[in-house]
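> no FASTA, just this:
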């Protein structure tokens, strides 16, 4: 008897009845915008508007854009050690 006064029954849209405490707060309903991931954007410009830009490898860039860039056809990096876009070494220094 004491348990019934502290609990309230909640009927869901599926027909299920659940007992929840009266001092709890809950939001009952459906989640909106369910199919947002299934929508086809159609072109690359639509994706850029969402803030997702293409990722370009440093090897295919020009030498002014990246230390790995430049060269004819598929040239190697051209340096003894790999470099990051700032021109600094990417390898660890031994102590």
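Done, it's in. Here the structure is a predicted model, which means the values were calculated and not measured.

> and residue 14, what element?
Assessed by DSSP states H and E, residue 14 sits outside every helix and strand.

> what's the burial count for it?
6 (other Cβ atoms under 10 Å). In short, each C-beta sits where N, CA and C put it, glycine included.

> Same check on residue 10?
13.

> Give the helix, strand or coil label for the residue nearest to it when sequence neighbours are not counted.
Setting aside the residues directly before and after it, residue 10 is nearest to residue 18 in space (Cβ to Cβ, 6 or more residues apart in numbering), at 5.1 Å. Following DSSP: H, G, I helix; E, B strand; the rest coil, the label given to residue 18 is strand.

> quick one: the strands in the chain?
Applying DSSP state E to the chain gives strands spanning 7-11, 17-21.

> Next, format those strands as JSON lines and append mean pLDDT and distance to residue 65.
Compiled in JSON lines, the strands of the chain are given as follows (pLDDT from 0 to 100; distance: least, Cβ to Cβ, whole Å):
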{"stretch": "strand 7-11", "mean pLDDT": "87", "distance to residue 65": "60"}
{"stretch": "strand 17-21", "mean pLDDT": "89", "distance to residue 65": "60"}
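
> Now render these as TSV, adding distance to residue 61.
Below are the strands of the chain laid out as TSV (distance: least, Cβ to Cβ, whole Å):
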stretch	distance to residue 61
strand 7-11	59
strand 17-21	59
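
> between those, which gets nearest to residue 57?
strand 17-21 (54.1 Å; Cβ to Cβ).

> what distance separates the closest one from the centre of its chain?
36 Å (Cα atoms, centre = their mean, to the nearest Å).

> where exactly do the helices run in this structure?
2-6, 44-49 (DSSP state H).

> now what about the longest one, what contacts it?
Helix 44-49 is contacted by residues 41, 54 when judged by Cβ atoms under 8 Å, 6 or more residues apart in numbering.

> centre of the chain versus it, how much separation?
Worked out by Cα atoms, centre = their mean, helix 44-49 lies 15 Å from the chain centre.

> Could you do stretch 10-24 as well?
Distance, centroid of stretch 10-24 to centroid of chain: 35 Å (Cα atoms, centre = their mean).
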